[in-house]
Each structure stands twice: as C-alpha cells, then as structure tokens.
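>>> Here you go, sequence then predicted model.
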Amino acid sequence: MNRKLTFKGGVHPKDNKNFTSSKPIRELEQSQELIFPLVQHIGAPCVPCVSVGDVVCVGTKIADSEAFVSAPIHSSVSGVVKAIEKRPVPNGNMIDSIIIENDFKNTYDENIKPVDYKTVSPDEIAKIVREAGIVGMGGATFPTHVKLTPPPDKKIDTVIINGTECEPYLTSDHRIMLENPEEIITGLKIMLYRFGISNGHIAIEENKPDAIAVLKTKTANETIKVDVLKKKYPQGGEKQLIYAVTKRKVPVGKLPSDVGVVVINIDTCAAIARRFLYGTPLYRRIVTLVGTPVNDCVNYRVPIGTPIKHIIEKNGELKCETEKIIIGGPMMGVSQFTIDVPIIKGTSAILLLTKDEAKIPEESSCIRCGKCVENCPMNLMPLYLYEFYKKDDIDSCEKYGAASCIECGCCSYGCPAKKNLVQNIRVAKQQVMANMRERAQKQEAK
C-alpha cells in the first residue's frame, strides 16, 4: 500500500486538470519576434553578450552576469538581434530585453555538445548547469547551480524531485512525467552523482496515478523512490514537501540545505538531463494554455521569448469573452495588463478566465473564525498581518513573520469574509524584505 504523505494546513481547491492532463505535448509554430528579458531568475540581472545586428543561433548565449546568484540567457531561435530595449514582463515591470528577429532556419550553435556526466567531476556538474542557464521552472526561478553548490558545512543527503504540481489547471509537469520519464530519472541521477549520494525521491500527488505508475515502473531497478502524496495545496511548497517526504522541518529563516535536502522541480530536472544528453541549454519549456475561453486547451512546447499573444492567437479563435489572463495558476499566478509579455523561464501556464470566473467578491467584516490561521501552511496569522499592514505597521508585520509567507493564497481562499489577505500580505512582505536588506547594507557599511 502506498503511503499518502502530506503536511499541516493547506486547502483543497478543485484542480481542473481535466482540461489538459490527457493531451500530449504539442509543438507550437514559432513567432516572428522573440523577447528575452535580462531578468528571468532570482538574483542579479544579466548583461547582453550581443549587440544589435548580431546573428545568433539556437542555444547561443546572449546575456550573462558575473554574479554567483544569476543565470545566463540563451536564444531559442536563430536570427538577428533586432533591438535591446525595455519591454513588459509577466510581473508587470518594464525590463531591458533583447529582441530577436527569427529567421526560421533553426540553426544550432556549434557549442551545443552532449557531456557524459560520469566523465566530469561532481563540482563540474554545477558549473555546467550554471552555464546552461537552468533555473527553477516551477515559478520561483532560483538559479539551480546555487542549489547544487551548498556551503561546505551543509551536508546534502537527500534530493527530492518535485512532481506534485498542486496548482489548479496546470498539467505541464504531469505530461513531462508521462512523456519524458527517462529524462527525469537521468536528471536525478546526475544530481545524486553531484552530491555522492543515493537517496533520491520523486514526489507526486495521488491525482496523477498514470504518472506514478510510469515512474514506478521506470525506477523499479533503481535506488530512486517514488513517493505518493495526498492531493493538497500547496503540497509543492519546498518546506511542505520536505516535511511530507522526510518529516524534517526547515526552521524559520533557514534553507532546505540546512536539513540536508535539495528540492528540484520536475521540468528543471529534465532540463538538467537534456543539457548532458543533448548539449542543449535552457531555451524552451512546456506551457499549459487553458481556460473556459480557450479554443483548444493544450500543453505546448514553447521557445522561451515567445509572446503570449502569439500562443493565444495560434491556438484559434476564443470560444467566449475573456475577462482576465493570468500567467501561472489561479492561486499564485499574476494577472496581465498586456498580452505582449513573453514566455520566460518560470512561465508554467497561461490561464484565461471568463467574467463570472474572474469576479472578485465584496469584502465583509472579519468574524475571527481563524480559518486563515488554520489554512496557513507556514503557521502564520494572516489576519494580524493584514491588520498590521492596513495600519502601516511594518515593524509588527516583520515581528509576526511576514517574510516567511510563501504567498500561496490559502488564507484568502478560505476566508468567509472574502478579505484580500494574500494581496496585502505580499506587499507587506516586500516592505519587510526591503527593510531587512537596508539594515544588512548598513551593517556591512560599518
């Protein structure tokens, strides 16, 4: 019998994965123009390695940074650098971006060469992953080579591949598990080799029985374990996942490496495998296009830099009027003010909602029911954080743990008063983090 692993807190939204879970990944016709923002990761922004007029190939590095917490960017098509200018990105900012005119020849860069991971040193693994521009593709976009380079005093003994995909509507990871299981297993083996360990886990929610069956069959003769988790949101949060699989608790302010664990997203794991198997850097990803208005809900294999406008238009005429477009899922995704933004490394889905689906209910008075506290997977008190922020009391927001909020939306989802809890706490968290950085800079200056 499978153990059904889980964590405390969380909610159970309708998953709505039936739109695309049974549909194979499809190739998308390439767009004429591609947009590559210089910030597609947590950390220092990149600087262009190319100039306007330069000819590039598929896989050519077009931007990089000398900072450790950063990741280079590669062209997903061959063509000519048309411009370097500010363009909108999914988080609403205007970011310096490299614009490439596609020549549709798909000429590959001569530096794309496979590497047998067993022929390089474990330390070299992290360097190769960094040069490939691989980041967390579940949405967080933390540079993967940083996870593969923990401090010397942190002994990693466990690697967990996150295949939970707990966000409603999203099925890109599900399809990768079904269609490319060998890449996932190879990617995990590479990471186990990196740390010199054998304790590898692939964690999957119970609502993906076909993926569980495929990966259990493929790992039957391996030391890798497939863990079946209860369907619960946000089961895929790093700290929640680590507790569910290992029963280890990551302390407040600490990282998974502090408890000996590294967590990697399924698509990120496959990207690592592709770099070693085929030599390809991260220049494409799987994107779920879904929602009631969508003509043909599907998972597309999309070149990074593709405008979402192109994806929606190539899918066919919409079935009904669209009120809201979200990049990501309904719980943690970001509403868009324009469809001219590009697919970036962390874009997992494009969700279209009708007017009825996107309707924001009116707030009413808090009845002190405690639902937000009960649902919070980080054991915070969203009610108080909300009230502190409304009073501009950022010091109290910091004292009561706003920096630990993972912005999952469980508090807002379960609130009977329909308070916009997570939206306000997110802004409070940003201010808390800014204050913390300012104090750290002043301390360094001393």
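Now that the structure is in, tell me what you want to look at. Numbering: from 1, shown residues only.
>>> Which residues does the longest helix along the chain contact?
In the chain, with assignment by DSSP state H, the single longest helix is helix 421-445. Helix 421-445 has contacts (Cβ atoms under 8 Å, 6 or more residues apart in numbering) with 372, 382-383, 385-386, 388-390, 394, 397-398, 402-403, 405, 407-409, 411-412, 415. No exception for glycine: its C-beta is placed from N, CA and C like everyone else's.
>>> just stretch 313-326 next, same as before
Identification of contacts with stretch 313-326 by Cβ under 8 Å, 6+ apart yields 28-29, 289, 291-296, 298, 308, 312, 333-336, 339, 349-355, 357-358.
>>> Next, the buried residues of the longest helix of the chain.
Buried positions in helix 421-445, judged by neighbour count with 16 or more other Cβ atoms under 10 Å: 421-422, 424-425, 428-429, 432.
>>> circling back: would you list the buried entries among the contacts of helix 421-445?
By neighbour count, with 16+ other Cβ under 10 Å, the contacts of helix 421-445 hold 372, 382-383, 385-386, 388-389, 394, 397-398, 402-403, 405, 408-409, 411-412, 415 as buried.
>>> Mind checking which of those are in helices?
Judged by DSSP H, these include 372, 382-383, 385-386, 388-389, 394, 397-398, 411-412 as members of helices.
>>> now, among those, which is nearest to E33?
Nearest to E33 among those is S412, at 36.8 Å by Cβ to Cβ.
>>> Buried residues in stretch 214-234, which are they?
Buried-residue list, stretch 214-234, by 16+ other Cβ under 10 Å: 214-216, 218-219, 224, 226-230, 232-234.
>>> so where's the stretch 1-150 of the chain shaky on pLDDT?
Along the stretch 1-150 of the chain, the model assigns pLDDT under 70 to residues 1-5.
>>> cutoff 90 now
Residues of the stretch 1-150 of the chain meeting the criterion pLDDT under 90: 1-9, 138-140.
>>> got the residue ranges for the helices in it?
In the stretch 1-150 of the chain, the helices defined using DSSP state H, counting those that start in this stretch lie at 122-131, 144-147.
>>> Quick check: which of those helices is buried the most?
With neighbours defined by mean count of other Cβ atoms under 10 Å, none of the helices of the stretch 1-150 of the chain is more surrounded on average than helix 144-147, at a mean of 24.
>>> could you dump that one to CSV, C-alpha only?
Only the C-alpha atoms of helix 144-147 are listed here, as CSV (Å, rounded to 0.1, in the frame of the first residue of the first chain):
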residue,chain,number,x,y,z
THR,A,144,19.8,25.7,-9.9
HIS,A,145,23.6,25.8,-9.8
VAL,A,146,23.3,27.6,-6.4
LYS,A,147,21.2,24.7,-5.0
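>>> chain center to it: distance?
Relative to its parent chain, helix 144-147 has a centroid offset of 14 Å by Cα atoms, centre = their mean, to the nearest Å.
>>> Tell me if I'm right that D54 and V81 touch.
Yes. Applying Cβ atoms under 8 Å as the test, D54 and V81 come out as touching, 4.6 Å apart.
>>> okay if I get the helices of the stretch 1-150 of the chain as JSON lines plus distance to L241?
JSON lines is the format used below for these (distance: least, Cβ to Cβ, whole Å):
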{"stretch": "helix 122-131", "distance to L241": "21"}
{"stretch": "helix 144-147", "distance to L241": "14"}
